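>>> Need coordinates for the below:
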Amino acid sequence: MAQALNTALRDALRDDERVLVFGEDVGPLGGVFRITDGLTRDFGEERCFDTPLAESGIVGFAVGMAMGGYRPVIEMQFDAFAYPAFEQIVSHVAKFRNRTRGKLGLPMVIRVPYAGGIGGVEHHCDSSEAYYVHTPGLKVVTPATPADAYWLLRDAVADPDPVVFLEPKKLYWSKEDTDLTRRQAEPFGRAVVRRAGRDATLVAYGPSVPVALEAAKVAADEGIELEVVDLRTLVPFDDETVVASVRRTGRCVVVQEAQSFAGVGAEIVARIQERCFHSLAAPVLRVAGFDIPYPPPKLEHSHLPGVDRVLDAVDRLQFDDRPDVLHLARGAA
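Modelled structure (predicted):
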């Protein structure tokens, strides 16, 4: 995925001279996660450059550049580092299209390495997607595969409005065979069914997609066929794909790394309940992180939802009308 993101930035810089890449250590160093490796060498310091350690300044500078006709792609080095820039994002980035009655958009991308799975210390791992999703005027994206990372980032750079691009840190080193010269991803704003199933739907996004797929694989060995829907974009939200899947299976579990209370998963559950009520054979359930500040690295494995917690939720979906389905009989560890 890291290589796919680097290639997307490289191709965007090559294809459009208005594209600029900047942030903390993204220049000669290539970023903490090396996503911008080689871009300064190949495109020069005027196209990919370092900034001071001031996130609010980075975003504010990007706003001015976007107003001036450029297409800035900025990096918030870690998810929790972005909070000093939150006022800029909410008060200015998200509102310019509305403030100018549609005359002026801000074509800019805010890249945020987010979520856990790398054993990071405090301020280096966080699940901040709900803040951005709750802010009208922002599009919010989170890829789960290298191919999606490439194509969604290319789409985000080309978008006329601001996009918060959430990159799951633990998936930077995930691999797949794909040809980035030929589009193999769904259009921007569309979810995708990663695995077909008939017994229940797992809705996941970003870092939770591999967990959902592994849970579906384990469940299949025990006679339960789970469908896995990867949302890809949180805003815009693809109601059509999600609703079609849940109406077909009649049961659903939403999986997210972020804490449960008032999270993105709660909105997804509400939308499913409203649109699929008469098709549901059981309440829609959530599997999420605990409602605590992000824990120390040694406790991360207990905090993040794993396969067993997902399967435990599946087992609670009241399969009483399906005698052919066996209980998974798993704990919630």
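
>>> For residue 113, list each beta-bridge partner.
Note on residue 113: beta-bridge partners by DSSP bridges are residue 167.

>>> So residue 173 sits against residue 1, correct?
Yes. If you go by C-beta atoms under 8 Å, residue 173 and residue 1 touch, sitting 7.2 Å apart. The way it works is simple: take the backbone N, C-alpha and C, and place the C-beta from them, glycine included.

>>> Can you tell me how far the closest residue to residue 303 other than its chain neighbours is from residue 126?
Closest residue to residue 303 apart from its sequence neighbours, by C-beta to C-beta, 6 or more residues apart in numbering: residue 295 at 4.8 Å. For residue 295, the distance to residue 126 (C-beta to C-beta, to the nearest Å) stands at 11 Å.

>>> between these two, which one's more packed in?
Just comparing residue 295 and residue 126: by other C-beta atoms under 10 Å the higher neighbour count belongs to residue 126, 23 against 17.

>>> and that one, which of the three is it?
Following DSSP: H, G, I helix; E, B strand; the rest coil, the label given to residue 126 is coil.

>>> for it, what are its contacts?
Residue 126 is in contact with 78-80, 114-115, 294, counting by C-beta atoms under 8 Å, 6 or more residues apart in numbering.

>>> Over to residue 307?
By C-beta under 8 Å, 6+ apart, the contact set of residue 307 is 211, 214-215, 218.

>>> The residues you listed in strands, which ones?
Among these, none falls in strands (DSSP state E).

>>> Neighbour-wise, give me the winner out of those residues.
That'd be residue 215 among the contacts of residue 307, by other C-beta under 10 Å, with 30 neighbours.

>>> Which residue is the nearest non-sequential neighbour of it?
residue 310 (4.0 Å).

>>> Hmm, that neighbour is touching residue 209, no?
No. Assessed by C-beta under 8 Å, residue 310 is found out of contact with residue 209, at 11.6 Å.

>>> where in the stretch 201-333 of the chain is pLDDT low?
Low-confidence segments of the stretch 201-333 of the chain, defined by pLDDT under 70: 319-333.

>>> need the strands for it, in chain order.
226-230, 233-235, 252-259, 285-289 (DSSP state E, counting those that start in this stretch).

>>> May I see these organised as a markdown table, with mean neighbour count and distance to residue 161 added?
Converted to a markdown table, the strands of the stretch 201-333 of the chain look like this (neighbours: other C-beta atoms under 10 Å; distance: least, C-beta to C-beta, whole Å):
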| stretch | mean neighbour count | distance to residue 161 |
| --- | --- | --- |
| strand 226-230 | 25 | 23 |
| strand 233-235 | 22 | 11 |
| strand 252-259 | 26 | 24 |
| strand 285-289 | 22 | 29 |
